[in-house]
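Trainee: my questions are about this predicted structure, shown below with the sequence.
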Amino acid sequence: MPESRLAATLRNSTALRSMLRYSAISLTALAVFAAILLLAGKNPLKAYVDTFSYTLANAYGFSELLVRMTPLLLTAVAVALPSRLGLINVGGEGQLYMGAWLASAGALLFPGAPRWALLPLVAVMGFLGGALFAALPGVLRAAKLVNETIATLLLNYIAPLIVSYSIFGPWRDPGSSAYPQSPVFPEAALLTSFFNTRIHAGLFLALAVLGAYWLLLEKTHWGVEMRAIGGNAEAAQRLGIPVAAWIVVALAIGGGIAGLAGMGEVMGVHGRLRQGLSPGYGFTGFLIAWLAGGRPLGILFMAFLFAIITSAGDTLQITQGLPYAVVNILLAVILFIVLARRPMRGASK
Amino acid sequence: MTTPLVLGVLAGAVLSGTSLLYATLGETIVERSGIVNLGLEGLLLIGASVGFSVTAATGNAWLGLAAAALAGGLANALFGWLVVTRMANQLASGLAMMFFGFGVSALVGAPYIGSVIVGLPKWRPAWLASLPWVESTTLFNYDLLTWVAIPAATFVWWALFRTRWGLGVRAVGESPAAAFAAGRNPAALQYQALCSGGVLAGVAGAHLSLSLTLTWAEYMTAGRGFIAIALVIFSKWHPLRAIVGALLFGGTEALQLQLQARGSEISPFLLEMAPYLLTLVVLLAWGGSRRLAAPASLGRTFYGSD
């Protein structure tokens, strides 16, 4: 019997198939996480219903999802871009903090600057903060001295200390003595927000970065060179591709993009520099990029999905009295399922 | 004034080096079998939270320690199911374990935040306490885990290098196909290495919450798992050299705490960076040149011999 047209369309539409696959994985993970919550004496059904009604059932909740999705899109591209070369950037969290830090420095150093100058300045400085912080492991890796995975992981612990040092010390707002934070940034440095919500210009910046990433991969010879290095670095080197330079540049650009996420958080959401400005966006971005296989559309879809999932962390905190970090179990279970069902051939290095 | 500082650093180095040593020993066994577990940080958190919660609930720190060891072993068995049975990518699986540890420890520890516990008992032999300088410090006032840390490292060395089991584990780490051809079961040996490594990681985590801090706080291991992974490289995958590494890093942490306690002018946040910076420097100085000392099949998945 010939295959029906619908079945053929389904089989051939990779986008649709991967959507179905993602959904199946998510549902399984939700079931496993529900079992764990039950074991902990909590009500998973209520947690899921609450999460749904806080995020998708009304306009404000939906706008908050987009606010949350903004840094996730950027930290995911920050991982996906270097991963084209086979580089594993697990330092998005630290790079985000350094972007926020240097962007804050820009806003605090030039409080009187006009908006047309200050806004581009803080954006560039946010990018530079993350880029320089990621260039260090890039150089170490390019010189074959230190593996970039462990170096970027370690740097995640240093960046928040630099932020804490600054807001407890030189940048401390004398007006808020109880809570260490920087003074409010000048209006001219803040990203415009839209529709009377907390959605800020960073969302459009993130979408533009994702588009640029797609263009880079599909429409430029750089994308081809990156794929060549990722496939076989030695052969690429012999073809005359400057592999070492590519490693540093790709990690630095990735770090810079994570830095933009940090800039967006301080200039678009908080309006000042404070501790704990990211509940692990850098790590979540890594998961998004990895699960999406670095594909731009996949990143868009997964970033939205993970914005919902991490919102569940807030719900657990508010309605069930559980720490936000518990949502990491859900993230881990998703990874476990993907890892267990898709064994990857070849060396993992 | 300088002598008490040195003694204070020494005493602290041994205390905070203890958990680093157990963690490094555990990862050494695992890596000798050819597997990298980047999720060590998560295992330490599980050990610390389970140890603390069970101690707070039962009032018995030894029960807490046993539960932490068991939890560490079970968590690494789960990791083994991914990387050995399902042949999943080791780096990604390790990071998944890290997330798992972040979440599970937060869930387990949450009801006991702020609980007061009696930790592992500490004692100091009288003849050591009567030494000059020692009396006024915490030097030699240690719990059982610290007292047996160096014997434990020696035992791991003996198990890896002087037993048939250790020979098998190391053979699998060098070449699973050759070990298989010699009649050994690579998967079984890797599971055994993972479970013993997990037990040691659980103990390492429990030492933090049951002896060092006597509290539970989310993310309290603060990157010690990653430092221990770097220490495995520093010690060339050798259990006895790990003692030196653990003392060096314990010393950095102790020095930093002593300077803070003595009202140093330097910001505590800058001092807290020291262990991470030192780890990078150590990797920089030794990482490249020591690659030859690594087990030949480290990080590679064994798909069976054909």
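Mentor: On my side now, so go ahead.

Trainee: distance check, whichever residue of the stretch 51-200 of chain A sits closest to chain B against residue A:253.
Mentor: For the stretch 51-200 of chain A, the residue closest to chain B is residue A:165, as judged by Cβ to the nearest Cβ, at 3.8 Å. For glycine as for every other residue, the C-beta is placed from the backbone atoms N, C-alpha and C. For residue A:165, the distance to residue A:253 (Cβ to Cβ, to the nearest Å) stands at 27 Å.

Trainee: check residue A:224 too.
Mentor: Using Cβ to Cβ, residue A:224 is found at 17 Å from residue A:253.

Trainee: so those two - more neighbours on which side?
Mentor: Neighbour tally, residue A:224 and residue A:253, criterion other Cβ atoms under 10 Å in any protein chain shown: the higher count belongs to residue A:253, 22 against 11.

Trainee: now the more buried one. Nearest residue, chain neighbours left out?
Mentor: Of all residues not flanking residue A:253 in the chain, residue A:81 sits nearest, at 6.1 Å (Cβ to Cβ, 6 or more residues apart in numbering or on different chains).

Trainee: what is the burial count for that neighbour?
Mentor: 26.

Trainee: report pLDDT for it.
Mentor: For residue A:81, the model assigns a pLDDT of 93.

Trainee: likewise for residue A:305?
Mentor: 88.

Trainee: next one: residue B:98
Mentor: Confidence score, pLDDT, at residue B:98: 93.

Trainee: element containing it?
Mentor: When elements are assigned from DSSP states H and E, residue B:98 belongs to helix B:90-109.

Trainee: so which elements touch that helix?
Mentor: Judged by 3 or more Cβ pairs under 8 Å, 6 or more residues apart in numbering or on different chains; DSSP states H and E, helix B:90-109 is in contact with helix A:281-291, helix A:327-341, helix B:40-58, helix B:61-80.

Trainee: pick the most buried one from these.
Mentor: helix B:40-58 (a mean of 29; mean count of other Cβ atoms under 10 Å in any protein chain shown).

Trainee: okay, the angle between that one and helix A:327-341?
Mentor: 130 degrees (axes from the mean of the first three to the mean of the last three Cα atoms, to 10 degrees).

Trainee: please save the CA atoms from stretch B:202-210 in PDB.
Mentor: The C-alpha atoms that make up stretch B:202-210 are tabulated as PDB, following Å, rounded to 0.1, in the frame of the first residue of the first chain:
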ATOM      1  CA  GLY B 202      30.100  11.500  48.500                       C
ATOM      2  CA  VAL B 203      32.500  11.300  51.500                       C
ATOM      3  CA  ALA B 204      34.300  14.400  50.200                       C
ATOM      4  CA  GLY B 205      31.100  16.300  50.100                       C
ATOM      5  CA  ALA B 206      30.000  15.100  53.500                       C
ATOM      6  CA  HIS B 207      33.300  16.200  55.000                       C
ATOM      7  CA  LEU B 208      32.500  19.700  53.900                       C
ATOM      8  CA  SER B 209      29.100  19.900  55.600                       C
ATOM      9  CA  LEU B 210      29.800  17.600  58.600                       C
END
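
Trainee: pLDDT averaged over it, what's the number?
Mentor: Across stretch B:202-210, the average pLDDT comes to 94.

Trainee: one more: stretch A:21-40?
Mentor: Per-residue pLDDT values over stretch A:21-40 give a mean of 84.

Trainee: what residues does it touch?
Mentor: Stretch A:21-40 is contacted by residues A:43-45, A:47-48, A:291, A:301-302, A:305, A:309, A:320, A:322, A:329-330, A:333-334, A:337-338, B:107 when judged by Cβ atoms under 8 Å, 6 or more residues apart in numbering or on different chains.

Trainee: what pLDDT does residue B:135 get?
Mentor: 64.

Trainee: ok, back up a step: and the angle for the helix holding residue B:98 with helix A:281-291?
Mentor: Put simply, helix B:90-109 runs at 130 degrees to helix A:281-291, going by the same axes, to 10 degrees.

Trainee: quick one: the following helix or strand past helix B:90-109 to chain centroid distance?
Mentor: On the C-terminal side of helix B:90-109, the closest following helix or strand by DSSP H and E is strand B:122-123. Distance of strand B:122-123 from the chain centroid (Cα atoms, centre = their mean, to the nearest Å) equals 21 Å.

Trainee: residue A:244 contacts residue A:142, correct?
Mentor: Yes. Using Cβ atoms under 8 Å, residue A:244 is in contact with residue A:142, at 4.0 Å.

Trainee: give me phi/psi at residue B:296?
Mentor: Note on residue B:296: backbone dihedrals following degrees, to the nearest 10 are phi -60, psi -30.

Trainee: and it, how many neighbours?
Mentor: Residue B:296 has 11 neighbours, counted by other Cβ under 10 Å.

Trainee: distance check, it against chain A.
Mentor: According to Cβ to the nearest Cβ, to the nearest Å, residue B:296 and chain A sit 12 Å apart.

Trainee: likewise residue B:190?
Mentor: From residue B:190 to chain A the distance is 14 Å (Cβ to the nearest Cβ).

Trainee: the stretch 101-250 of chain B: strands as residue ranges?
Mentor: Assignment of strands within the stretch 101-250 of chain B using DSSP state E, counting those that start in this stretch yields the ranges B:122-123, B:142-143.

Trainee: which strands or helices does the first one pack on?
Mentor: To tie it back to what came earlier, the one meant is strand B:122-123. Where contact means 3+ Cβ pairs under 8 Å, 6+ apart, strand B:122-123 is packed against strand B:142-143.

Trainee: describe which strands the strand it packs on pairs with in its sheet and in which direction.
Mentor: With DSSP bridges as the criterion, the sheet partners recorded for strand B:142-143 are strand B:122-123 (antiparallel).

Trainee: now tell me what touches the strand it pairs with from outside.
Mentor: For strand B:122-123, contacts defined as Cβ under 8 Å, 6+ apart pick out B:141-143, B:211.

Trainee: please apply the same query to stretch B:73-82.
Mentor: So stretch B:73-82 is in contact with A:336, A:339-340, B:30, B:35, B:37, B:39, B:42-43, B:46, B:88, B:93-94, B:96-97, B:100-101, B:104, B:190-191, B:194-199, B:201-202, going by Cβ under 8 Å, 6+ apart.

Trainee: equivalent analysis for stretch A:295-308, please.
Mentor: By Cβ under 8 Å, 6+ apart, the surrounding residues in contact with stretch A:295-308 are A:15, A:18-19, A:22, A:26, A:51, A:55-56, A:65-66, A:68-69, A:72-73, A:76-77, A:80, A:210-211, A:213-214, A:217, A:284, A:287-289, A:291-292, A:331.

Trainee: so where is the chain shaky, pLDDT-wise?
Mentor: Going with chain A. Along chain A, segments meeting pLDDT under 70 span A:1-13, A:177, A:342-349.

Trainee: not what I meant, chain B
Mentor: Along chain B, segments meeting pLDDT under 70 span B:1-3, B:129, B:132-139, B:287-292, B:304-306.

Trainee: hey, which helix is longest across it?
Mentor: Using DSSP state H, we find that the single longest helix of chain B is helix B:2-32.

Trainee: distance from the chain centre to stretch B:40-59, please.
Mentor: With Cα atoms, centre = their mean, you get 14 Å for stretch B:40-59.

Trainee: please save the CA atoms from that stretch in PDB.
Mentor: Coordinates of each C-alpha in stretch B:40-59 appear next as PDB, following Å, rounded to 0.1, in the frame of the first residue of the first chain:
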ATOM      1  CA  LEU B  40      32.100  15.800  40.200                       C
ATOM      2  CA  GLU B  41      30.900  19.200  41.500                       C
ATOM      3  CA  GLY B  42      27.300  17.800  41.500                       C
ATOM      4  CA  LEU B  43      28.400  14.700  43.300                       C
ATOM      5  CA  LEU B  44      30.100  16.800  46.000                       C
ATOM      6  CA  LEU B  45      26.900  18.800  46.400                       C
ATOM      7  CA  ILE B  46      24.800  15.600  46.700                       C
ATOM      8  CA  GLY B  47      27.200  14.300  49.300                       C
ATOM      9  CA  ALA B  48      27.200  17.500  51.300                       C
ATOM     10  CA  SER B  49      23.400  17.900  51.300                       C
ATOM     11  CA  VAL B  50      22.600  14.200  51.900                       C
ATOM     12  CA  GLY B  51      25.200  14.000  54.700                       C
ATOM     13  CA  PHE B  52      23.800  17.100  56.400                       C
ATOM     14  CA  SER B  53      20.200  16.300  56.000                       C
ATOM     15  CA  VAL B  54      20.500  12.700  57.400                       C
ATOM     16  CA  THR B  55      22.600  14.000  60.300                       C
ATOM     17  CA  ALA B  56      20.100  16.800  61.100                       C
ATOM     18  CA  ALA B  57      17.200  14.300  60.900                       C
ATOM     19  CA  THR B  58      18.800  11.500  62.900                       C
ATOM     20  CA  GLY B  59      21.300  13.400  65.100                       C
END
